[in-house]
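K.L.:
pasting a predicted model and its sequence here:
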Amino acid sequence: MSVGGTGQDGGSPAGAGTASLAATAGGDVSARAAAFVRALSERERWMLGVTGALLALALLWLLALAPALRTLARAPAELVRVELQWQEMQRLAAEAQALRAAPTVTPEQAQAALKAATDRLGERARLTIQGERAVLTVTNLPSPALRDWLSEVRQGARALPLEASLTRGATGLSGSLVLAIGGRP
């Protein structure tokens, strides 16, 4: 064995034999592949080239073109969906801005607005006011009627829903809704 980290051949560093074996193995594989191709007839080489080209085209299609075309096909519908979301957000922002700009209402005005809106619901709704909170109890109230009532009391009484416990039945909604009344939204 020699000193200074050289291998048994005396001139190359330790481990260089392993690296040259790997290079030889890699070179050996490509040399064998080249020899295999040279051993093929002209027609077989042509068919091998065509097969390789078709395989490359298939990979190009699967990995690059098909996903891009799918994205392009979905883009118009996605743009419409995003545009509708944007318009809805703008509408909600304008509504919030209008509510912020609206003057505050006194507790008496808020209670009067709540009672007037609840009276329009008829016997399917009962309102209980306790300080700065109101509880609306409904029985078989149609969803559109509750939606309209909520919109009306949001604007007229500055009422904000805090809690809802509603169940949907065959003839409408039943349950209770707790609201904070008066003040600024």
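P.N.:
Cool, got the structure.
K.L.:
quick check: residue 64 vs residue 35, distance?
P.N.:
Distance, residue 64 to residue 35, by C-beta to C-beta, to the nearest Å: 34 Å. The way it works is simple: take the backbone N, C-alpha and C, and place the C-beta from them, glycine included.
K.L.:
so what's the residue sitting nearest the centre point of the chain scoring on pLDDT?
P.N.:
Centroid-nearest residue in the chain: residue 82, 11.7 Å away (criterion: C-alpha atoms, centre = their mean). At residue 82, the model reports a pLDDT of 96.
K.L.:
just the helices in this protein please.
P.N.:
Along the chain, counting by DSSP state H, helices occupy 16-39, 42-60, 66-101, 107-119, 143-156.
K.L.:
touching the last one from outside, list them.
P.N.:
Contact partners of helix 143-156, identified using C-beta atoms under 8 Å, 6 or more residues apart in numbering, comprise 99, 102, 105, 110, 113-114, 116-118, 120-121, 124-125, 136, 138, 159-161, 168, 172-173, 177, 179, 185.
K.L.:
let's see 10 Å
P.N.:
95, 98-99, 102, 105, 109-110, 112-114, 116-118, 120-122, 124-125, 127, 134, 136, 138, 141-142, 159-161, 164, 166, 168, 172-173, 177, 179, 181, 185 (C-beta atoms under 10 Å, 6 or more residues apart in numbering).
K.L.:
same question, the fourth one
P.N.:
The contact list for helix 107-119 (C-beta under 10 Å, 6+ apart) reads 103-106, 125-127, 129, 131-132, 134, 136, 138, 148-159, 179-183.
K.L.:
any buried residues in that helix, and which?
P.N.:
109, 110, 111, 113, 114, 117, 118 (16 or more other C-beta atoms under 10 Å).
K.L.:
what angle do it and helix 143-156 make?
P.N.:
Interaxial angle of helix 107-119 relative to helix 143-156 (axes from the mean of the first three to the mean of the last three C-alpha atoms, to 10 degrees): 160 degrees.
K.L.:
residues in contact with residue 65?
P.N.:
Applying C-beta under 10 Å, 6+ apart, the residues near residue 65 are residue 57.
K.L.:
how near is it to residue 117?
P.N.:
Relative to residue 117, and taking C-beta to C-beta, residue 65 is found at 59 Å.
K.L.:
do the same with residue 34
P.N.:
Distance from residue 34 to residue 117, by C-beta to C-beta: 88 Å.
K.L.:
same thing with residue 40?
P.N.:
Distance, residue 40 to residue 117, by C-beta to C-beta: 88 Å.
K.L.:
then residue 70?
P.N.:
Counting by C-beta to C-beta - residue 70 and residue 117 are separated by 50 Å.
K.L.:
kindly report the same for residue 140.
P.N.:
Separation of residue 140 from residue 117 (C-beta to C-beta) stands at 18 Å.
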